[in-house]
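> Need the 3D shape of this:
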Amino acid sequence: MTILLCVPPLHAATEQRWRIDKDRWSEADEVGFGKFVQAIGDSDCSSTESCIRSAANPYRDSDPRGMDVDTDCAKFVYFLRAYYSWKNNLPFSFVNRIAGGGPDLRFSVNGNRALSRYDFIDPGGGIDASAALHTVLNSVSTATYRQSADEERGVLPDFYSPRIAPQTIRAGSVVYDVNGHAVIVYRVDPDGRIHYLGASPDSGVARSVYGAQFGQPSTKLGGGFKAWRPLMLVGARKNTEGHLIGGHIVLARNEDVPDFSLVQYQGTDGKADDSRKAHFAYGGVDLDYFEYVRAAVSGGNMSYNPIYEFKEVLPRLCKEFTARAQSIDQAISDGIEKRPHPDRLPSNIYAAADTTWENFATPMRDARIKSAFSQSHDDLAAMLQLWTDRNPRIVYDGLDLKGDLEKVYAEETAECSVTYLNSEKHPVTLSFEDLVHRLYAMSFDPYDCIEHRWGDEAVSCPDSDEKKRWYATEQVLRDRIDPGGQLHDRRQSSGLAKLDIKSLVDEMRPQVLFVGMNSVGR
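Residues are numbered from 1 along each chain as shown. Predicted structure coming up:
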C-alpha cells in the first residue's frame, strides 16, 4: 500500500524562485539551520503560520505575499528544512512515496519502506519555491518517518540514527514518536535537557522537554532521535550567475555517516536485539534509557538542582493547558459541541481520517499532557529520592528543601489558570491545582459541552442524555495516557498513573544533617 496525503496549497501572490548555489550542506549550514529553529522555538509563536511570520524568522520579509503555512507535526518538520534550504540556496530531496502493511501506514506494525524520492533540481530558470513547498507538504506524513533505523536497501530514508552525544543531538535534530507524532529539537541545555517544538493537526504549536512520553525507541519503526541524512548534488553545471543547474541528488549511506549509531536501540553494549531489553550505562553507572540520554548529551554534566528543575517544569506544564484552551476555544467557536454526536467513535481516536475529529478532538494532546505530568511526577520522585540518599548528583545548598519547593510551587502556579465561558456564558476560572485534579475527567470529544471538555459535571452543561452517556463511556479512554497504537493502558494495579506533583512535596519529611555538634534540618 502507498500513501499520498493532500493539504491545501501554499497561497502566494507572486512566484519566487529557489536557486541552488551549493552542492551540499556544510557544517556551517547545519549550525545555521539549528539557530533558525532555535529562534522559532524560543519565540512565543503559537501556530505554524505565526511561527513563520514572527520576528524570530529572519527570512519572513522575503516570503511571497499572503503565504499560508497550516501544517501538522510531520509536515512542519519537513517544511522548516525545505524552507531553510530555499532561503539559503541549498539542495533538498525527500522521500515522496512509501509502502508498508496495514490500512494506515502511520501505524504499520512492521514499519514502512521508501519507494521513491523527489529531488529539487534547477532546470535553468530556478525552482518555483511555493510549488516546491506544496509538493513537500502534499507528500509527507508521520508514515514517512516510520522506517527502520538500519534500513540500507533501495531508496534510503531521509534520516539516520545519530550517536547520542553532545553536538549530535542539537537544534534541528528530529524525534519521532511511533504513536504518530514528530517534533524538532530547538535547544539542548548544558545539563542535557532537550527542548522540542511540535505542531498539532489544528496547526497549533507547542513546546516541551524530551522524556518518557516518547517511549522506548523501536529499530524497525524508526522511533527516537533522527538526524537529517547528508546529501550531495552531483552532475550539475554552474551557470554564469553561479547557480547550479541540473544534476541529481545522492544520499550518504549509514556507513559513510561518522556519527551514525544504533546505540539508542541496542544499548551501550550493543548487544540488545530488542530495544526494550537494551542496557545503558554512562561513566560506569547503569542508567535507564532516558537518564542515559540526558547524561550522554550533556557529556556527563548531568546534575539536578531541585529548585531549578521545579522552576523549569511548572511553567512548561502550565503552557500545556493554555495550548489546550486554544484548541477547545476553536471547537466551541465552530459550534462543534452543538452538533449531534456520531453513532460511533473513529476506529483510532488518535489518528482519525474524519476531518472534524482530526481538527477538533484532543485525545493525543490530552494524552501528552497526562504523560507530561506523569513523567514530571516520576522525575521529581526520583530526584527527591536521590536527595534523600545524599547522591552527589543533587545540587542544593539550602537548609529547607521542602519549604523552598513549596515557595516555588506557589510562585510559579499563582498566575497559571484557565478561564472559559460555560454554556450559560458565565466565566469559570480553574486554578493550576483544579486543572491537575481534573486531568482524567477532561473530555477529548469535540461534541461534548465545554463543561465536560474541562472535566466539570456542572448542571449548566446542556448535553442530551445520549451525549452524557458518551462522556461516561469514554472514561476508560481518558484513563489511558499512552496511545500505544492499540490504546495501551498504562494504569498499574495500584491505580491510575500519578499526576499530582505537589503531593510529593507535601509528603516530604524533614531530614537532619549533622555538622559537628550541631544539627541542621534538611
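> neighbours of F33, just the number please.
A total of 21 residues lie near F33 under the criterion other Cβ atoms under 10 Å. Any C-beta I mention is one placed from the backbone N, CA and C, and that applies to glycine too.
> same question, D448
Look at D448: counted by other Cβ under 10 Å, it has 24 neighbours.
> For the remainder of this discussion, apply numbering that starts at 217.
Noted, 217 is the first residue going forward, which turns the last one into D664.
> Without its sequence neighbours, what residue ends up closest to it?
Y687 (5.7 Å; Cβ to Cβ, 6 or more residues apart in numbering).
> isn't that neighbour right up against S659?
Yes - judged on Cβ atoms under 8 Å, Y687 makes contact with S659 at a distance of 6.0 Å.
> Quick check: neighbours shared by those two?
Residues touching both Y687 and S659 (Cβ atoms under 8 Å, 6 or more residues apart in numbering): H668.
> out of these two, which sits in the more crowded spot?
Comparing Y687 with S659 by other Cβ under 10 Å, the one with more neighbours is S659, at 27 against 23.
> How about the contacts made by that one?
668-669, 671, 687, 690, 694.
> same thing with L530?
So L530 contacts 624-625, 628-629, 632 (Cβ under 8 Å, 6+ apart).
> Surely I585 touches R654?
No - the pair I585 / R654 is not scored as a contact, 11.1 Å apart, by Cβ under 8 Å.
> If you count surrounding residues, which of these two has more?
Neighbours were counted for I585 and for R654 using other Cβ under 10 Å; I585 has more, 25 against 13.
> so is the more buried one in a helix, a strand, or just coil?
helix (DSSP: H, G, I helix; E, B strand; the rest coil).
> residues touching it, list them.
Per Cβ under 8 Å, 6+ apart, neighbours of I585: 536-537, 540, 655.
> and with 6 Å instead?
Counting by Cβ atoms under 6 Å, 6 or more residues apart in numbering, I585 touches E536.
> got a list of what the residue most central in space within the chain touches?
Nearest to the mean C-alpha position of the chain, counting by Cα atoms, centre = their mean, stands V399 at 3.9 Å. By Cβ under 6 Å, 6+ apart, the contact set of V399 is 391, 412, 414.
> any idea how far V356 is from the residue lying closest to it once chain neighbours are set aside?
Setting aside the residues directly before and after it, V399 is nearest to G414 in space (Cβ to Cβ, 6+ apart), at 3.6 Å. From G414 across to V356, the span is 15 Å (Cβ to Cβ, to the nearest Å).
> Which one of those two is surrounded by more residues?
V356 (29 against 21).
> Name the helix or strand for the more buried one, please.
According to DSSP states H and E, V356 maps onto no helix or strand at all.
> That one - nearest residue in space that isn't next to it in sequence?
Closest to V356 by Cβ to Cβ, 6+ apart is Y294, at 4.9 Å.
> Same question for D393.
Distances taken as Cβ to Cβ, 6+ apart place F430 nearest to D393, at 4.8 Å, with adjacent residues excluded.
> now do Y656
In space, Y656 is closest to R694, 5.6 Å off (Cβ to Cβ, 6+ apart).
> tally of neighbours for the one you found?
Applying other Cβ under 10 Å, I find that R694 has 21 neighbouring residues.
> backbone phi and psi for V391, please?
phi -130, psi 130 (degrees, to the nearest 10).
> Can you tell me who it pairs with across the strands?
On the basis of DSSP bridges, V391 is bridged to V399, F441.
> Kindly report the same for P643.
Bridge pairing for P643 - DSSP bridges - gives L637.
> shouldn't it be in contact with Y636?
No - P643 is beyond contact range of Y636, at 7.4 Å (criterion: Cβ atoms under 6 Å).
> The two: who's more crowded?
Y636 (18 against 8).
> and the more buried one, what is it in contact with?
Y636 makes contacts with 644, 666, as judged by Cβ under 6 Å, 6+ apart.
> Please report how far P474 lies from R445.
13 Å.
> Between those two, tell me which one has more neighbours.
Counted by other Cβ under 10 Å, P474 and R445 do not tie: R445 has more neighbours, with 18 against 10.
> Please report how far that one lies from A452.
R445 is 19 Å from A452, by Cβ to Cβ.
> go on, P579?
47 Å.
> Between the two, point out the one with more neighbours.
Between P579 and A452, counted using other Cβ under 10 Å, the more crowded position is P579 (24 against 19).
> Could you double-check that that one sits in contact with N564?
No - P579 is not in contact with N564 according to Cβ under 6 Å; the separation is 9.4 Å.
> Moving C-terminal from the longest helix along the chain, which element do we reach first?
In the chain, ranked by residue count with DSSP state H as the criterion, the top helix is helix 522-549. Downstream of helix 522-549, the first helix or strand assigned by DSSP H and E is helix 571-576.
> any low-confidence regions in the protein?
217-231, 568-570, 698-711, 726-738 (pLDDT under 70).
> okay, now the domains of it?
What automatic domain parsing lists as the domains of the chain is 233-513, 534-609+628-722.
> now the first one, how far from the centre of its chain.
A distance of 12 Å separates the C-alpha centroid of domain 233-513 from that of its chain, computed with Cα atoms, centre = their mean, to the nearest Å.
> quick one: terminal-to-terminal distance for that domain?
39 Å (Cα to Cα, to the nearest Å).
> And the strands in the stretch 567-716 of the chain?
633-637, 643-647 (DSSP state E, counting those that start in this stretch).
> Looking at the ones you listed, which is nearest to S364?
strand 633-637 (41.8 Å; Cβ to Cβ).
> which parts of that closest one are buried?
633-634, 636 (16 or more other Cβ atoms under 10 Å).
> by how many degrees do that strand and helix 522-549 diverge?
10 degrees (axes from the mean of the first three to the mean of the last three Cα atoms, to 10 degrees).
> now strand 633-637 and strand 643-647, what's the angle there?
Angle of strand 633-637 versus strand 643-647, following the same axes, to 10 degrees, is 160 degrees.
> and I610, how many neighbours does it have?
When neighbours are counted by other Cβ under 10 Å, I610 registers 18.
> list the contacts for it?
Counted by Cβ under 6 Å, 6+ apart, I610 has contacts 520, 602-603.
> separation between it and Q601?
Counting by Cβ to Cβ, the gap from I610 to Q601 is 10 Å.
> With G619 instead?
19 Å.
> likewise D393?
28 Å.
> Tell me which of the two has more neighbours.
More neighbours surround D393 than the other of D393 and Q601, with 22 against 11 (other Cβ under 10 Å).
> next one: phi and psi at that one?
Residue torsions, per degrees, to the nearest 10, at D393 are phi -100, psi 120.
> Show residues contacting stretch 363-378.
Applying Cβ under 6 Å, 6+ apart, the contact partners of stretch 363-378 are 310-311, 327-328, 330, 333, 384, 435-436, 438, 441-443, 445, 467, 470, 473, 475-476, 478.
> could you redo the last one with a cut-off of 8 Å?
Residues contacting stretch 363-378 (Cβ under 8 Å, 6+ apart): 309-311, 314, 327-333, 360-361, 384-385, 389-390, 433, 435-438, 440-445, 467-471, 473, 475-478, 480-481.
> Among the residues you listed, which lie within strands?
309-311, 314, 328-333, 390, 440-444, 467 (DSSP state E).
> Any of the contacts of stretch 363-378 buried? List them.
309-311, 314, 327-330, 333, 360-361, 384-385, 389-390, 433, 435-438, 440-445, 467-468, 470, 473, 476-478, 480-481.
> can you give me the helices in the stretch 617-738 of the chain?
617-629, 648-653, 666-669, 681-689, 691-694, 718-722 (DSSP state H, counting those that start in this stretch).
> Check the stretch 267-416 of the chain too.
289-303, 345-353, 358-361.
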